[in-house]
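J.: Sequence plus the predicted model coming up.
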Amino acid sequence: MSRPATSTADRVTMPTSPVRVGIVGCGDIAKKAYVPACKRFPGLELVACADRDVARAEGLARESGLPAGTSVAALLADPAIELVINLTIPQAHAEVNHACLAAGKHVYCEKPFGIDRDEGRAVLAEAAKRGLLVGSAPDTVLGSAVQTARHHIDAGLVGRIIGGSCHMLCDAPETWHPNPAFLYQRGAGPLFDMGAYYLHTLITLIGPVRRVAAAAATTWTSRTIGSQSLRGQAFAVEVPTHVSALLTFHSGAIVNLTLSFDVRGTSTLPNMELFGTEGSIQIPDPNFCDGDVRINRRGVHAWTTYQPTHGYRTGSRGVGVADMALAIRSGRTHRANGELAMHALDIMAAIAEAAAGAGQVDIATTCERPAAMPLGLSDGEID
Ligand SMILES: NC(=O)c1ccc[n+]([C@@H]2O[C@H](COP(=O)([O-])OP(=O)(O)OC[C@H]3O[C@@H](n4cnc5c(N)ncnc54)[C@H](O)[C@@H]3O)[C@@H](O)[C@H]2O)c1
């Protein structure tokens with residue numbers, strides 16, 4: 001749902017009482033990122049976790065010192081829980097988002113926001129009908145690196161952005177993920193699994209996208225799990241694993257974006273390099289909050305590393321949830337919001353269609369650039 005945009009001048013204080021949070025989906029990212037994130041922010045109080053496999057929820061609760069690990073139904077029936085963090089697999093995101101909204105809970109969902117446009121649109125409509133908030137990862141764009149890049153771009157250091165080149169080139173998440181088959185099913189692959197990091201960053205820095213063109217390939221139709229208990233097990237690949245897209249922004253900027261799980265050997269291409277009328281800027285891997293922002297200004301002929309202007313250099317997830325908790329208490333817009341996630345989902349769906357032969361595809365949705373994070377925040381602080 002839309003509320004007035006927040007500006008850095010429009011600050012509110014931290015919530016006086018923390019927002020009570022439940023996690024649904026107790027797998028890899030819950031344990032390594034979101035449980036620690038909930039402990040980091042005073043505006044969040046994690047009170048329960050749930051999974052369709054209740055033993056997993058009980059295990060996470062034990063390891064993390066949470067009061068309860070339950071079934072999803074039990075968590076949603078708890079009137080104390082105000083906000084659910086949905087950390088299920090992409091194929092379950094929309095179903096769980098709807099269940100949370102039906103139970104009267106605000107919901108923050110891991111990416112992608114849905115596996116197709118219809119899923120995303122239906123969740124947004126349901127939330128608006130019920131007067132509840134929907135948020136979505138990735139929130140790494142609220143971290144130090146992307147906010148530092150935004151600060152310098154907005155200050156005009158590289159002039160008007162006219163184009164760019166972005167690369168997410170890696171060798172197979174099945175080498176490290178304990179249960180990776182979902183990453184090769186509809187709603188995942190490098191486009192839907194990793195695209196949102198790049199698109200949320202580009203939208204934050206340049207604004208919304210107007211049109212896309214693309215090509216894609218599935219290099220291997222079967223992959224083999226390389227880690228932990230399922231090591232050696234083969235699974236089928238259902239989606240393209242090497243995707244190249246050309247994005248035209250409403251601003252006029254033209255950016256090429258390649259997302260691949262097929263690159264053997266380490267690429268030396270930058271994750272993100274944008275070209276401005278007064279210079280170029282490199283943004284580090286948007287899957288994380290840290291890394292160096294480098295700028296090469298016209299006439300200087302050398303790359304300079306710029307010191308971070310913003311906080312949240314460590315920890316890779318959670319700022320967006322804490323920001324949403326503040327929005328729940330204050331009534332202001334949250335930055336990692338559903339409209340932004342829906343625009344990114346629409347772009348990814350359009351890239352898939354263009355790659356499948358639809359030619360250039362116009363993007364029907366749009367969104368506001370989320371408000372910049374304020375300067376000078378202490379850790380755990382949002383506004
Ligand atoms: N693992 C990472 O490093 C990582 C990083 C960033 C984002 N993510 C995102 O986080 C989400 C979860 O990824 P993960 O790696 O933790 O996966 P995972 O497979 O390790 O965990 C997912 C959990 O969700 C549970 N689940 C599935 N469907 C459910 C349903 N309908 N109701 C309740 N529980 C259900 C599963 O039982 C499992 O415990 C995905 O959207 C992924 O894209 C993961």
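T.: Nice, thanks for sending it over.
J.: CA only for contacts and neighbour counts going forward, please
T.: Fine.
J.: Flag every buried residue along stretch 244-258.
T.: Ser244, Ala245, Leu246, Leu247, Thr248, Phe249, Ala253, Ile254, Val255, Asn256, Leu257, Thr258 (16 or more other C-alpha atoms under 10 Å).
J.: Using CSV, write out every CA atom in that stretch.
T.: Taking C-alpha atoms only, stretch 244-258 is exported to CSV below (Å, rounded to 0.1, in the frame of the first residue of the first chain):
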residue,chain,number,x,y,z
SER,A,244,21.7,-11.4,-20.7
ALA,A,245,19.3,-8.4,-20.7
LEU,A,246,19.3,-4.9,-22.0
LEU,A,247,17.4,-2.4,-19.8
THR,A,248,16.1,1.0,-20.9
PHE,A,249,15.3,3.2,-17.9
HIS,A,250,12.7,6.0,-17.9
SER,A,251,15.7,8.4,-17.3
GLY,A,252,17.0,7.3,-20.7
ALA,A,253,19.9,5.3,-19.3
ILE,A,254,20.7,2.0,-21.1
VAL,A,255,22.2,-0.8,-18.9
ASN,A,256,23.2,-4.4,-19.9
LEU,A,257,22.8,-7.0,-17.1
THR,A,258,24.2,-10.5,-17.3
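J.: and this protein, which residues reach the ligand?
T.: 24-30, 51-53, 87-90, 92, 110-111, 179, 193 (C-alpha under 6 Å from any ligand atom).
J.: Mark which of these are buried, thanks.
T.: Using 16+ other C-alpha under 10 Å, the buried ones in these are 24-27, 30, 51, 87-90, 110-111, 179, 193.
J.: Which of those residues scores worst on pLDDT?
T.: Within these, Asn179 has the lowest pLDDT, namely 89.
J.: residue contacts, that one?
T.: Ile225, Leu230 (C-alpha atoms under 8 Å, 6 or more residues apart in numbering).
J.: just checking, which of the residues of the chain next to the ligand belong to strands?
T.: In strands, defined here by DSSP state E, the members of those are Val24.
J.: which residue lies farthest from the center of the protein?
T.: Centroid-distance maximum for the chain: Gly299 at 35.6 Å, with C-alpha atoms, centre = their mean.
J.: Apart from its chain neighbours, what residue comes closest to whichever residue of the stretch 51-200 of the chain sits closest to the ligand?
T.: Among all residues of the stretch 51-200 of the chain, Thr88 sits closest to the ligand, at 3.6 Å; criterion: C-alpha to the nearest ligand atom. Excluding its sequence neighbours, the residue lying closest to Thr88 (C-alpha to C-alpha, 6 or more residues apart in numbering) is Gly25, at 4.4 Å.
J.: Trp303 too?
T.: Counting by C-alpha to C-alpha, 6+ apart, Asn296 is the residue found nearest to Trp303 once chain neighbours are left out, at 4.5 Å.
J.: in the sheet, who's paired with that neighbour?
T.: For Asn296, the beta-bridge partners are Ser280 (DSSP bridges).
J.: Now do the same contact list for it.
T.: Gly279, Ser280, Ile281, Ala302, Trp303, Thr304 are the contacts of Asn296 under C-alpha under 8 Å, 6+ apart.
J.: Give the next helix or strand downstream of the helix or strand harbouring Leu191.
T.: Here Leu191, judged by DSSP states H and E, is contained in helix 189-206. The helix or strand immediately downstream of helix 189-206 is strand 209-217, counting by DSSP H and E.
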